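Student: starting from these lines, generate the structure:
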Amino acid sequence: MIRLPGGIFTMGSTAFYPEERPLRRVKVDPFWIDATPVTNRQFAEFVAATGHVTFAEIPPDPKDYPGMDPALAKPGSLVFTPPAHAVPLDDWTQWWSFSFGADWRHPHGPDSSITGLEDHPVVHVTFADALAYAKWAGKALPTEAEWEFAARGGQDDGHEYQWGDELAPGGRMMANYFQGTFPHGNTLEDGWERTSPVGSFPANAYGLFDMIGNVWEWTRDWYADPVPAKKAKADACCVIANPRGPAKGASYDRATPELKIPRRVTKGGSHLCAENYCQRYRPAARQGQAVDSSTSHIGFRCVRRSG
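Tutor: Below is the predicted model:
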C-alpha cells in the first residue's frame, strides 16, 4: 500500500458526461491505498483462507428476480463477447452475454481459467465480494472522493487524463483501454484484448498503477448525482470535507427499474472504454453499478484510513 497525504482537490469534470458535474472543491484526509487492483493471486489466498463463495458462483433465486425463467437460475456472470461486425451502441446485449459457469476462477467462461492470469485483476466480483475481501484483509473500500484523489496523483491542474491532455501522448499507450472501433474492432495497440497484468502501464505521480483502464473499481459510495458545493456541508467556504455519498442507494438500475437494485459508484473505466464509446478512462469518470452485478471488467482495490 502507498500512503497518500490527503488534501484539497477539484473533483469532477464538465467536459464529458453530466453525472461528473459540477466541479467542486473536496478535501480528503490522509489514507493508505493499494498500489494495484486486487489480483487473482491475492483473491485466491482470501478464498483459501475463508472459504468465501462469490455471488457469481451461487444460483440466483428466481424470487429475487420477478419474471425470471427458473430454468435460467444457474451460477454465472456477464462476459464481454465481441460481435463480428458493427452493432448499435445503444444495445449492450450485443456484446455482453450471461455465461453459465463464468466466475472469478473462469473469467472468460466455464472452459477458461486463471492459470497464467495470476497477476491480472480479479473480476466477476460484486460489491459484497469486494467488501468481504477488504474486511478479511483489515482494510476497506475507498470512497469515491478518496479514489479520485488517488487517481489524480496530486495533479490539480485541470487535465482530463491522469497524465495530461492527450489520451495517447506521442502514440504511447498509457493505460489498458479499447483502441479502434468498439465493440468489434479492437486494434490492440496497447497489447491486450482483455485485462492486463497489474502494473503493465506507467504509474501515476503517487506510484499507483491501473487507476485508469484495465478494470472498473468498486467504491463504497452509493451512486447519485453529485451534490453542488453550495448545498453540501463544508468545513470551509466551498470545500466539501470527506464526502461519503448518499446514506442509501437512492438510485437504481435503469435497465431493470422494477427490481429496485441499488447501485454503488465504480471508477476508472476499463479495457472496454473506447474513444467512440464510454470515454471513462479518466479520474473524474464515474458509473453507477448494480450491487449484484459481476462482470468480466469490474474489480477493486482497498484502502486503510488509520495509521
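
Student: drop to CA atoms for contacts and neighbour counts, all remaining ones
Tutor: Noted.

Student: name the helix or strand of this structure that has the lowest mean pLDDT.
Tutor: Within the chain, no helix or strand scores below strand 234-236, which has a mean of 49 by mean pLDDT, DSSP states H and E.

Student: could you point out which element follows it?
Tutor: Counting by DSSP states H and E, the element after strand 234-236 in chain order, helix or strand, is strand 239-241.

Student: adjacent strands (with direction) for that next one?
Tutor: strand 24-28 (parallel), strand 234-236 (antiparallel) (DSSP bridges).

Student: got the buried residues for stretch 45-53?
Tutor: Under the neighbour-count criterion of 16 or more other Cα atoms under 10 Å, stretch 45-53 has residue 46 buried.

Student: quick one, helices of the protein?
Tutor: With DSSP state H as the criterion, the chain has helices at 40-50, 127-136, 144-152.

Student: the shortest one relative to strand 24-28, how many degrees between them?
Tutor: Pointing back at helix 144-152 there. Counting by axes from the mean of the first three to the mean of the last three Cα atoms, to 10 degrees, helix 144-152 lies at 90 degrees to strand 24-28.

Student: off-centre distance for helix 144-152?
Tutor: Chain-centre distance of helix 144-152: 12 Å, with Cα atoms, centre = their mean, to the nearest Å.

Student: which outside residues touch it?
Tutor: Residues outside helix 144-152 that contact it (Cα atoms under 8 Å, 6 or more residues apart in numbering) are 4, 6, 9, 11, 26, 28, 162, 204, 206, 208, 211-212, 219-221, 242-245, 265-267, 283-284.

Student: what subset of those residues is buried?
Tutor: 4, 6, 9, 11, 26, 28, 162, 204, 206, 208, 211-212, 219-221, 242-243, 245, 265-267, 283-284.

Student: show me the contacts for residue 162.
Tutor: 151-153, 204, 212, 282-283 are the contacts of residue 162 under Cα under 8 Å, 6+ apart.

Student: in strands only, show me those.
Tutor: Among those, no member is found in strands (DSSP state E).

Student: residue 305: which of these is nearest?
Tutor: residue 151 (16.8 Å; Cα to Cα).

Student: show me where this structure dips below the pLDDT cut-off.
Tutor: Counting by pLDDT under 70, the chain shows low-confidence ranges at 227-237, 248-260, 307.

Student: separation between residue 112 and residue 38?
Tutor: Residue 112 sits 20 Å away from residue 38, going by Cα to Cα, to the nearest Å.

Student: which stretch among the helices of the chain comes nearest residue 304?
Tutor: Closest to residue 304 of those is helix 127-136 (Cα to Cα; 9.4 Å).

Student: point out the other helices and strands that the closest one packs with.
Tutor: If you count contacts as 3 or more Cα pairs under 8 Å, 6 or more residues apart in numbering; DSSP states H and E, helix 127-136 packs onto helix 40-50.

Student: and the helix it packs on with helix 127-136, angle?
Tutor: Orientation of helix 40-50 against helix 127-136 (the same axes, to 10 degrees) gives an angle of 80 degrees.

Student: quick check: residue 131 touching residue 142?
Tutor: No - checked against Cα atoms under 8 Å, the pair residue 131 and residue 142 is beyond contact range at 10.4 Å.

Student: out of these two, which sits in the busier spot?
Tutor: In this view residue 131 and residue 142 are compared by other Cα atoms under 10 Å, and residue 142 has more residues nearby, 25 against 20.
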